[in-house]
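Engineer: got a structure for you, letters missing:
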Ligand SMILES: O=C(O)CCC(=O)C(=O)O
Ligand SMILES: [Fe+2]
């Protein structure tokens with residue numbers, strides 16, 4: 001595997017512009033080749049991102065004890081995915097109650113009055129905690145609901161565009177209705193803390209190792225620090241740079257299988273090059289658990305080979321999760337290993 005680093009001009013899908021055929025063709029090329037593109041004018045304000053940024057600081061600065069109380073499905077502590085990665089999952093479609101359940105634990109626990117305080121201090125801290133904590137909790141749950149709703153809407157629009165791109169408008173819409181309308185999404189807020197020792201800082205530090213996403217599509221907001229990289233078919237690491245008002249969209253394993261490999265779910269990772277914390281917020285759009293994923297004949301096309309056998313979505317998630325190493329998604333545990341069919345040699349993409 002080559003470690004060559006380079007940058008790449010990925011297409012930027014502007015949602016305020018009409019989707020012309022030239023746009024669709026560069027999008028189609030990018031999805032086939034890279035599995036990544038950008039979206040702009042997506043309707044999410046800068047103010048919303050800075051609110052999330054500051055709330056995420058509050059969330060992750062809660063004491064470890066409180067964070068661990070959330071349980072492994074919500075909170076992933078450092079040293080699981082990597083020594084520098086911790087994350088909080090907020091599940092949809094009721095993002096606000098999922099966020100509130102976590103925030104109530106995180107924000108209440110660490111501002112309790114200490115025993116050595118005077119009665120007046122206790123009264124002051126207590127009234128402050130009644131006032132401040134529920135407010136932080138409320139702001140967190142409302143912000144994440146608003147963001148989650150926007151992401152759900154945006155992901156729906158993007159899937160419609162992708163289906164239109166590979167199937168044409170009418171067939172694309174029909175498949176969206178029949179196959180994607182029960183999709184659901186969840187959010188993952190990630191805090192990367194770079195290593196403090198100088199020796200480590202001189203090496204290439206992976207904040208999150210190489211993996212593919214188990215989603216249909218993923219929409220990522222990354223702050224200005226950068227460090228997200230995707231792996232090309234040739235094995236080169238390519239920077240996916242942050243940009244003003246840009247969200248990153250990448251194709252996940254479920255969509256790769258459903259599209260018979262026409263949309264690529266590529267390996268990616270996060271490297272930490274700077275001595276500052278990095279925050280990202282991913283939205284993962286997934287099929288419902290019971291969904292049987294099988295590329296429609298319209299996508300496979302006459303005379304072409306089917307690349308994946310039919311599989312139940314939950315079975316694939318179980319396959320990935322039951323594998324300790326594969327959990328945080330090291331390579332060798334992707335949908336190709338799970339459901340890929342052996343193809344004639346010349347037919348491999
Ligand atoms: O932090 C990022 O920019 C991307 C994280 C990611 O790839 C993931 O959570 O699946
Ligand atoms: Fe990812």
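Structural biologist: Cool, got the structure. All values derive from a computational prediction rather than experimental measurement. Ligands and ions are numbered 1, 2, ... in the order given.
Engineer: Please, which helix or strand holds whatever residue of the stretch 151-300 of the chain ends up closest to ligand 1?
Structural biologist: Among residues of the stretch 151-300 of the chain, the one nearest ligand 1 by CB to the nearest ligand atom turns out to be residue 280. It sits 3.2 Å away. The way it works is simple: take the backbone N, C-alpha and C, and place the C-beta from them, glycine included. With the criterion set as DSSP states H and E, the secondary-structure element containing residue 280 is strand 278-286.
Engineer: circling back: is the residue of the stretch 151-300 of the chain closest to ligand 1 in a bridge, and if so with what?
Structural biologist: When bridges are assigned using DSSP bridges, the partners listed for residue 280 are residue 190, residue 222.
Engineer: can you tell me which residues contact it?
Structural biologist: Residue 280 sits next to 189, 190, 192, 220, 221, 222, 223, 228, 270 when contact means CB atoms under 8 Å, 6 or more residues apart in numbering.
Engineer: What confidence value was assigned to it?
Structural biologist: Here the pLDDT value assigned to residue 280 is 96.
Engineer: Distance of it relative to residue 70?
Structural biologist: In this structure, residue 280 and residue 70 are 19 Å apart, going by CB to CB, to the nearest Å.
Engineer: for residue 314, same thing?
Structural biologist: In this structure, residue 314 and residue 70 are 23 Å apart, going by CB to CB.
Engineer: So these two - more neighbours on which side?
Structural biologist: Taking neighbours as other CB atoms under 10 Å, residue 314 and residue 70 compare with residue 70 leading, 18 against 13.
Engineer: Could you find the closest non-adjacent residue to the more buried one?
Structural biologist: Using CB to CB, 6 or more residues apart in numbering and skipping residues adjacent in sequence, the residue nearest residue 70 is residue 102, 5.4 Å away.
Engineer: Let me see the mean pLDDT of the helix or strand hosting that neighbour.
Structural biologist: Secondary structure assigned from DSSP H and E places residue 102 in helix 95-109. Along helix 95-109, the predicted confidence averages to a pLDDT of 89.
Engineer: Stretch 71-86 too?
Structural biologist: Per-residue pLDDT over stretch 71-86 has a mean of 94.
Engineer: same check, this time on stretch 197-211
Structural biologist: If you average the pLDDT values across stretch 197-211, you get 81.
Engineer: Buried ones in it, by neighbour count?
Structural biologist: By neighbour count on 16 or more other CB atoms under 10 Å, the buried set for stretch 197-211 is 205, 206, 207, 208, 209, 210, 211.
Engineer: Is the third one in a helix, a strand, or coil?
Structural biologist: Three states are possible here, and by DSSP: H, G, I helix; E, B strand; the rest coil the one that applies to residue 207 is strand.
Engineer: from the chain's centre, how far out does the strand holding residue 280 sit?
Structural biologist: 3 Å (CA atoms, centre = their mean, to the nearest Å).
Engineer: Tell me the residues on the protein that lie near ligand 1, please.
Structural biologist: The chain comes close to ligand 1 at residues 188, 190, 208, 213, 220, 222, 228, 268, 270, 280, 282, as judged by CB under 6 Å from any ligand atom.
Engineer: same thing but 8 Å
Structural biologist: Contact residues (CB under 8 Å from any ligand atom) of the chain with ligand 1: 87, 188, 190, 192, 207-208, 211, 213, 218, 220, 222, 227-228, 240, 248, 250, 268-270, 278, 280, 282, 284, 329.
Engineer: Buried members of those residues into ChimeraX, please.
Structural biologist: Of the residues of the chain next to ligand 1, the buried ones can be selected in ChimeraX as follows, counting by 16+ other CB under 10 Å:
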select :87,188,190,192,207,208,211,213,218,220,222,227,228,240,248,250,268,269,270,278,280,282,284,329
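Engineer: Considering the contacts of residue 280, which is situated nearest to residue 148?
Structural biologist: Each of the contacts of residue 280 was scored against residue 148 by CB to CB, and residue 189 proved nearest at 11.3 Å.
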